[in-house]
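# starting from these lines, generate the structure:
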Amino acid sequence: MTLRIETQDLQERQLQLKVEVPRERIEAAMHRAARHLSEHTRIAGFRPGKAPYELILQKLGEEAVFDEALEGLGQEVYKQALADSSLEPIAPGSLEEVVSRDPLVLRYTVPLAPEIDLGSFRDLRLDYEEAAVSDEALERVLDDLRQQQALIEPANRAGQMSDVVVVDVHGRLRDAPDSPLLDEHGISVLLAPTTDFPVPGISEQLVGLEAGAEKTIEHVFPDDYSNEALRGKPAVFDIKIQEVKSRLVPEWSDDLAKNLGEFNDLLDLRVKLRQSLLEQAVRKADSAYADMVVERVAEAAQVVFPPVLLHEELDVMLRDLDRRLRDQHLTLADYLKIEKKTEEELRTELEPRARQHLVRSLVLGKVVEAEGLKVDDAEVDAEIQRMSAPLKEQAESLRKLLDTATGRHRIHLDLLADKSVRRLSDIARGRAPEPESDATKKDEGTHA
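Model (predicted):
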């Protein structure tokens, strides 16, 4: 049956559809709904589903039957209206209003694909600072390696810096003494300025204490603490010293270097360690540079998207938060209670981050299109192999999990995003090739 459809452009890549439904179509839907409802309603003198239509309306009310009819009819009409209008929404639409009942007019909001204008992103140039490893950085790592080879033995005295103390720790929130944060026995703590477990600055608190001594430490978790449920919360840690141990740190020698791995001597260790540190520094510099470039491109781009995409991004963030909280034996409901927030308030708080992530994703997707970037099956296979290989015994299980339609699609998207980021970095450094689509066109023109 033909629908009468009116369209109107809305803001933020949305379209309004007003659809007039033929009378006979709503009447047929009403009869189907009445029959369905009567199958679950006792009507005297009739078997389930056999009562006359008019009697069902009288028994249940026309409004109830109409609402039931609209459940299925609304979706049917929406799908047909999309097809008749040649529309391809980016996400599910919504029935906003029954404008009128006679004739039946339904108003829908349709989310359309985002519009992304990258502007002159190929003109972007940013300085790249080459990575380097200083002698001081190398010496620090060498000293850490040497410290790890220390000979540890009991010391019948008070603890000093560089000692190891064996302690029992009981931690709790000040406002929730019956809910322990930490209850560990016999854990080793290195007395050093950099030690931050169970709390930063613990070494200074324990220096001078002998075996059997007890200490209570108060601590306020910082606002950027990894466990979001504990940020800004005051806590109390009760610590008992079980044992004090001294550490005898060896001097560097060729034999010590050989004991650390496949090194010929101390010089070989220094050379290979410097190379490893340089590779790490390059990866870190590349990552920081790429983040800066993507941020610049995203800031300059014009991106318009329907609100439903932001809502979906927030849903993903909340599910991820809930998963991380469950790893810490908490739920999202627990977190909201601790923070004294509603879920809506949390969504509002997360919205800027969600918007930034969404815009970045849309921009990278547009770069893939503009630059003609592609990922083939061989690249997906190689990535599956790379991800599963380190697990050794469990490698085959992970490979089977990844080598599914869903797994391969996710890896395909991740690889495209990686290529997009690398291409933007190359553009900003002035070393990017021509877009593959343009290069292909030129090649075709040469052979015409």
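# apart from its chain neighbours, what residue comes closest to residue 118?
residue 301 (5.2 Å; CB to CB, 6 or more residues apart in numbering). Heads up, the C-betas are built off the backbone N, CA and C, glycines and all.
# contact partners of stretch 292-309?
12-14, 90-92, 111-112, 114-119, 121, 124, 126, 356, 358-360, 362-364, 366-367, 421, 424-425, 427-428 (CB atoms under 8 Å, 6 or more residues apart in numbering).
# of those residues, buried ones?
Neighbour counting with 16 or more other CB atoms under 10 Å marks 13-14, 111-112, 114, 116, 118, 121, 124, 358-360, 362-364, 366-367, 421, 424-425, 427-428 as buried within the contacts of stretch 292-309.
# what about the helices in the stretch 51-200 of the chain?
53-60, 62-84, 135-148 (DSSP state H, counting those that start in this stretch).
# domain ranges for the protein?
The chain breaks down by automatic domain parsing into domains covering 4-113, 116-149+262-304, 150-248, 372-448.
# can you lay out those domains as CSV showing mean pLDDT and distance to residue 351?
Listed next are these as CSV, based on pLDDT from 0 to 100; distance: least, CB to CB, whole Å:
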stretch, mean pLDDT, distance to residue 351
domain 4-113, 93, 14
domain 116-149+262-304, 97, 15
domain 150-248, 91, 16
domain 372-448, 86, 22
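# possible to save those domains as a markdown table with distance to residue 313?
As requested, those are arranged in a markdown table below (distance: least, CB to CB, whole Å):
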| stretch | distance to residue 313 |
| --- | --- |
| domain 4-113 | 11 |
| domain 116-149+262-304 | 13 |
| domain 150-248 | 18 |
| domain 372-448 | 15 |
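# which one, of those domains, ends up nearest to residue 323?
domain 150-248 (12.4 Å; CB to CB).
# need the contact list for residue 314.
Residue 314 neighbours (CB under 8 Å, 6+ apart): 347, 350, 351, 354.
# buried ones in whichever helix or strand it is part of?
Applying DSSP states H and E as the criterion places residue 314 in helix 307-327. When neighbours are counted by 16+ other CB under 10 Å, the buried residues of helix 307-327 are found to be 308, 309, 310, 312, 313, 314, 317, 318, 321, 324, 325.
# between these, which is closest to residue 253?
For the buried residues of helix 307-327, the nearest to residue 253 is residue 324 (45.2 Å; CB to CB).
# list the contacts of the closest one.
So residue 324 contacts residue 228 (CB under 8 Å, 6+ apart).
# how near is residue 425 to residue 238?
50 Å (CB to CB, to the nearest Å).
# re the thing from before, wait, which of the buried residues of helix 307-327 is closest to residue 229?
For the buried residues of helix 307-327, with residue 229 as the reference and CB to CB as the criterion, the closest is residue 325, at 6.6 Å.
# quick one: contacts for the closest one?
228, 229, 331, 332, 334, 335.
# surely residue 419 touches residue 365?
No: with contact defined as CB atoms under 8 Å, residue 419 does not reach residue 365; the gap is 11.5 Å.
# out of the contacts of residue 314, which is most surrounded?
residue 354 (20 neighbours; other CB atoms under 10 Å).
# roughly how far apart are that residue and residue 418?
From residue 354 to residue 418 the distance is 22 Å (CB to CB).
# JSON lines for the contacts of residue 314, including pLDDT?
Listed next are those as JSON lines, based on pLDDT from 0 to 100:
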{"residue": "347", "pLDDT": "97"}
{"residue": "350", "pLDDT": "97"}
{"residue": "351", "pLDDT": "97"}
{"residue": "354", "pLDDT": "98"}
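# which among these gets closest to residue 223?
Nearest member of the contacts of residue 314 to residue 223, counting by CB to CB, is residue 350, at 15.7 Å.
# pretty sure that closest one contacts residue 317?
Yes: counting by CB under 8 Å, residue 350 does reach residue 317; the two are 5.4 Å apart.
# just say helix, strand or coil for residue 238.
Here residue 238 is recorded as strand under DSSP: H, G, I helix; E, B strand; the rest coil.
# quickly list what the residue nearest to it when sequence neighbours are not counted is bridged to.
Distances taken as CB to CB, 6+ apart put residue 170 closest to residue 238, at 4.6 Å, once the chain neighbours are dropped. Counting by DSSP bridges, residue 170 is bridged to residue 183, residue 238.
# give me the number of residues near residue 170?
Counted with other CB under 10 Å, residue 170 comes out at 17.
# next, count neighbours for residue 182.
So residue 182, with other CB under 10 Å, has 15 neighbours.
# for it, what are its contacts?
Counting by CB under 8 Å, 6+ apart, residue 182 has contacts 169, 170, 171, 198, 237.
# now with 7 Å?
169, 170, 171, 198 (CB atoms under 7 Å, 6 or more residues apart in numbering).
# the second one and residue 183 touch, don't they?
Yep, that's residue 170 we're talking about. Yes: counting by CB atoms under 7 Å, residue 183 is a contact partner of residue 170 at 5.4 Å.
# count of neighbours near residue 433?
Residues lying near residue 433 (other CB under 10 Å) number 11.
# hmm, back to that, and the domains of the chain: which comes nearest residue 256?
domain 116-149+262-304 (6.5 Å).
# what about that closest one, how long is it end to end?
Using CA to CA, to the nearest Å, the end-to-end distance of domain 116-149+262-304 comes to 7 Å.
# and what of stretch 15-29?
One end of stretch 15-29 sits 26 Å from the other (CA to CA).
# could you list the residues in contact with that stretch?
1, 3-10, 69, 72-73, 77, 81, 87, 99, 103-110, 112.
# in PyMOL, how would I select the buried members of the residues you listed?
The PyMOL command for the buried members of these (criterion: 16+ other CB under 10 Å) is given here:
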select buried, resi 3+5+69+73+77+81+104+105+106+107+108+109+110+112
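# in strands only, show me the contacts of stretch 15-29.
Per DSSP state E, strands hold the following members of those: 4-10, 99, 104-110.
# and these, which two are furthest apart?
The widest separation within the ones in strands among the contacts of stretch 15-29 (CB to CB) is 23.8 Å, between 9 and 104.
# what about the strands in the chain?
Under DSSP E, the chain gives strands at 4-10, 14-21, 94-101, 104-111, 115-117, 151-154, 164-173, 176-190, 214-220, 234-248, 302-304.
# would you turn those strands into JSON lines with distance to residue 375?
Listed next are the strands of the chain as JSON lines, based on distance: least, CB to CB, whole Å:
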{"stretch": "strand 4-10", "distance to residue 375": "35"}
{"stretch": "strand 14-21", "distance to residue 375": "31"}
{"stretch": "strand 94-101", "distance to residue 375": "34"}
{"stretch": "strand 104-111", "distance to residue 375": "27"}
{"stretch": "strand 115-117", "distance to residue 375": "20"}
{"stretch": "strand 151-154", "distance to residue 375": "51"}
{"stretch": "strand 164-173", "distance to residue 375": "47"}
{"stretch": "strand 176-190", "distance to residue 375": "45"}
{"stretch": "strand 214-220", "distance to residue 375": "47"}
{"stretch": "strand 234-248", "distance to residue 375": "47"}
{"stretch": "strand 302-304", "distance to residue 375": "23"}
